[in-house]
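Engineer: generate coordinates for the sequence data below:
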Amino acid sequence: MLSVGELIWASSRPLIRLVLCVTCGFVITKTDNFPPIAARGAGQVMLNIALPCLMFSKIVPAFTSDNIGALGPLVLVAVLYEVMGIMVAWMVKQFFWVPHRFRYGILVAGGWGNVGDIPTSVIMSITGASPFDSEKDQTLAVAYISAFILVFMITMFPMGANRWVAMDYVGPDVEPDEVREAIRVKRKMILYGWPRLISQLIRRKSESKLQEDDVRLNEAGFISEKNELDDRNSKEGRTLTSRGRHVAFYDDATTVVPTEGPRSPVCSPAPTEVGARSRLTSPEPAETLLRSQTQPSETQLYPVVLPTTAGSTDPLNTPKKPQRRTVILSHIRTFYKSLVAPASLAIILSFPIALIPQLKALFVDVPGVHISPAPDGHPPLAFFIDTTSFIGAASVPLGLICLGSALARLNVPKNNWNSLPLGAISFLAIGKMVLTPVLGVLMVKGLTNVGLIPAEDKVLRFVCIFFSCLPTATTQVFLTQVYSGTGEAEHLSPFLIPQYILMFVSMTALSAYTLHLLF
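Structural biologist: Down below sits the predicted model:
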C-alpha cells in the first residue's frame, strides 16, 4: 500500500514533465522561433514517422496469444468513452447557447479526446516506475494505448466525425442574439414546460374519453332509430306488395323493380358499360391530363438533368445512380486512405506479427520457437525493433511541443468574455474533466466485476480508467482551420483552454485514486 505522499508524487511527476514540454513549444511559438510552417512539418514527422515507429516497437513485443483478449475490452471502452462524451456535449448544447459555427463541432469536442501525446507521456512515466514492473508494464501500456489510437482514427475519418466540423460552415451565419433567444425558449420549455405538457395530455385524455362516450351514445340512438325505421318500412312494403298483387297482370319479377326505388351500382350494367367504353375507346382526356401534370415538372428538371445525362431517355432515374455510386466510392476511398495512413498501417500490421510466433521470433525472442539468429546472437530482425524504438522515442516530446505551439496560436479573448458562451464552456469542461472520469471509474469497475476486464491485469485497468480524463483533441484545431476557410478556430479556442487548465488537477487526482485502487 502506497502512502498519500507517494501517490501524489507518482501522479504529479508525469504531469510536471508534460508541462515542461508543452511550455517549450508555447514559448518558442510566442517568440516567433517556431513559425506555422515549421510546426506543421514537425507535426507531419510526428504523425507519419515517429508515432508509427513507437506503436510498432511496443505492440510486437507486448501482445501475445495470452493477452490479445484485452483488445476487445479496450475497443469497447474506447467506443463507450466517445459515446459518453458526445452525450455530455449534446446535453450541454440543449441547455446553453453555442455559437452557430460550433453547433456540431461541440459534439466532436466532447467525443474525441487527445488520445496521443498526453496519455502516452503520462502512462509511460507512471508504468515505468514503482509500483509497476518498469519496462515490461511500460511496453504493455503503450501497446494498450494503440487500441485507443486506432479507434480514434477510424471513427474520426472513415466514419465521418470530421464532417461534423465541416457542417458548421454550411449555410449562412446566425447572429449570437438569435441563438441565445432560441436556446432560452428551449431551456424554458425543457425546465418549465413539462408540467404544462403533462396536464395537457391528461386533459386531452379525459376529453377523448368523453368524446368516446358521446359517440357510443349516438351510435346506440342511431341504431334504435334505424331499427324503428326498418320496422316501419317493412310494414309499408308488405302493404304495397299486397295491393300490387290484386291489380297487376304482369309477372312479379317485372313489378318488383319499379317499386324498390333507386338502383344500386352493382345491379345496373349501363354505367359500367359506359365507363368501360369511355376508358377503352377515348384516351384523349387521360393523355391531356398526363400532359398537364408532367409539363411543369419537365420544365423544372431539364436544366439540372441535361448537363449530366446527355442522350438519356429517362432523366428522372439516371442522375441518382452516379450520385449514389460517387458517394459510396468516396466513402470507400476515405476509409482506405485512413487505413493506409502510417500510424494505422503500423498498428494493423503489428498485430499479426505479434500473434504469429514464427513472425514474432524474427524480431524478438519467443520461447519455444527456434529461428537462426544473427551473428550477434539476437533475432535476425532485432535491429528493426531497435530502430523503431529509437525513432519512436521522439514521438512523445515532439507531440507535446506541437501541442504547446497549437495552444500558443489560439486566440484568447481578453475584453469580450461576456460575449462568449460561458455556460457551455464551463459545463463542457466540467463534463469532460470531472463527470466523465467518475463515470469511467464506475464503468471499469463494473466491467471488472463481470469479468470482461481481468482483475489481475492492473496495467489494463489503469489504462482504461486513465483515458476517461482527456481534454479535447488538438486535431480538431487543424480540422477547424481547414474547413473554416479563414484558417482560424475562434470558437474552438475558448472551449479548449479551460479543459487543459483543469486537466492538471483532475488527471493528478484520477491517477492517485487509480493507483490507490490497484495497489
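
Engineer: which residues sit against stretch 395-403?
Structural biologist: Residues external to stretch 395-403 that are found in contact with it (CB atoms under 8 Å, 6 or more residues apart in numbering): 18, 21-22, 24-25, 28, 39, 42-43, 45-46, 50-51, 53-54, 114, 116-118, 120-121, 124, 474. C-beta here means a position set from N, CA and C on the backbone, and glycine is covered the same way.

Engineer: could you give the mean pLDDT of that stretch?
Structural biologist: The average pLDDT within stretch 395-403 is 92.

Engineer: C-alpha coordinates for that stretch, PDB please?
Structural biologist: Below are the C-alpha coordinates for stretch 395-403, written out as PDB (Å, rounded to 0.1, in the frame of the first residue of the first chain):
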ATOM      1  CA  SER A 395       7.100  10.900 -30.700                       C
ATOM      2  CA  VAL A 396       6.000  12.000 -27.300                       C
ATOM      3  CA  PRO A 397       8.200  15.100 -26.800                       C
ATOM      4  CA  LEU A 398       7.700  16.200 -30.400                       C
ATOM      5  CA  GLY A 399       3.900  15.800 -30.000                       C
ATOM      6  CA  LEU A 400       3.900  17.800 -26.700                       C
ATOM      7  CA  ILE A 401       5.900  20.600 -28.300                       C
ATOM      8  CA  CYS A 402       3.400  20.800 -31.200                       C
ATOM      9  CA  LEU A 403       0.600  20.800 -28.600                       C
END
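
Engineer: how far off centre is that stretch?
Structural biologist: With CA atoms, centre = their mean, to the nearest Å as the basis, the distance from the averaged C-alpha position of stretch 395-403 to the chain average is 27 Å.

Engineer: do the same with stretch 150-162
Structural biologist: Using CA atoms, centre = their mean, the offset of stretch 150-162 from its chain centre is 9 Å.

Engineer: equivalent analysis for stretch 116-135, please.
Structural biologist: Using CA atoms, centre = their mean, the distance from the centre of stretch 116-135 to the centre of the chain it belongs to is 30 Å.

Engineer: check stretch 372-379 too.
Structural biologist: With CA atoms, centre = their mean as the basis, stretch 372-379 stands 49 Å off its chain's centre.

Engineer: quick check: buried residues in it?
Structural biologist: Going by neighbour count (16 or more other CB atoms under 10 Å), the buried part of stretch 372-379 is Pro379.

Engineer: ends of that stretch, what's the gap?
Structural biologist: In stretch 372-379, first residue to last residue: 7 Å (CA to CA, to the nearest Å).

Engineer: what's the mean pLDDT across it?
Structural biologist: On average, stretch 372-379 scores 92.

Engineer: so where is the chain shaky, pLDDT-wise?
Structural biologist: Counting by pLDDT under 70, the chain has low-confidence residues at 1, 194, 208-322, 413.

Engineer: residue nearest the centroid of it?
Structural biologist: Centroid-nearest residue in the chain, with CA atoms, centre = their mean: Ala161, separated by 6.4 Å.

Engineer: wouldn't that residue be in contact with Met153 here?
Structural biologist: No. With contacts defined as CB atoms under 8 Å, Ala161 does not count as touching Met153, sitting 10.4 Å away.

Engineer: for Ile453, the count of nearby residues, please.
Structural biologist: The burial metric for Ile453, expressed as a neighbour count using other CB atoms under 10 Å, is 22.

Engineer: any idea how many residues pack against the closest residue to it other than its chain neighbours?
Structural biologist: In space, not counting the residues next to it along the chain, Ile453 is nearest to Leu447; the distance is 4.6 Å by CB to CB, 6 or more residues apart in numbering. By the other CB under 10 Å criterion, the neighbourhood of Leu447 contains 17 residues.

Engineer: from memory Leu447 sits against Pro73, does it?
Structural biologist: Yes. Leu447 is in contact with Pro73 according to CB under 8 Å; the separation is 6.4 Å.

Engineer: quick check: neighbours shared by these two?
Structural biologist: Applying CB under 8 Å, 6+ apart, one finds that Leu447 and Pro73 are jointly contacted by 453, 464.

Engineer: host element of Pro397?
Structural biologist: Taking DSSP states H and E as the definition, Pro397 sits inside helix 395-408.

Engineer: what about Gly41, which helix or strand?
Structural biologist: Remark: Gly41 resides in helix 36-45, with elements defined by DSSP H and E.

Engineer: packing partners of that helix?
Structural biologist: Based on contacts counted as 3 or more CB pairs under 8 Å, 6 or more residues apart in numbering; DSSP states H and E, the elements that helix 36-45 packs against are helix 395-408.

Engineer: please pull up the helix or strand immediately following the helix it packs on.
Structural biologist: In the C-terminal direction, the helix or strand that comes right after helix 395-408 (DSSP H and E) is helix 422-430.

Engineer: how about the nearest residue to Ala455, chain neighbours excluded?
Structural biologist: Of all residues apart from its sequence neighbours, Thr448 sits closest to Ala455 (CB to CB, 6+ apart), at 5.4 Å.

Engineer: looks to me like the one you found is in a strand.
Structural biologist: No. Residue assignment for Thr448, taken from DSSP: H, G, I helix; E, B strand; the rest coil, gives helix, which places it outside any strand.

Engineer: who's in contact with it?
Structural biologist: 454-455, 461.

Engineer: top of those by neighbour count?
Structural biologist: Comparing the contacts of Thr448 by number of neighbours (other CB under 10 Å), Arg461 comes first, having 21 neighbours.

Engineer: okay, it and Leu47: tell me how far apart.
Structural biologist: Distance from Arg461 to Leu47, counting by CB to CB, to the nearest Å: 29 Å.

Engineer: what about Leu2, neighbour count?
Structural biologist: Using other CB under 10 Å, Leu2 has 16 other residues around it.

Engineer: can you check Pro176 too?
Structural biologist: The burial metric for Pro176, expressed as a neighbour count using other CB under 10 Å, is 15.

Engineer: just confirm it contacts Val98, I think it does.
Structural biologist: No. Pro176 is beyond contact range of Val98, at 9.8 Å (criterion: CB under 8 Å).
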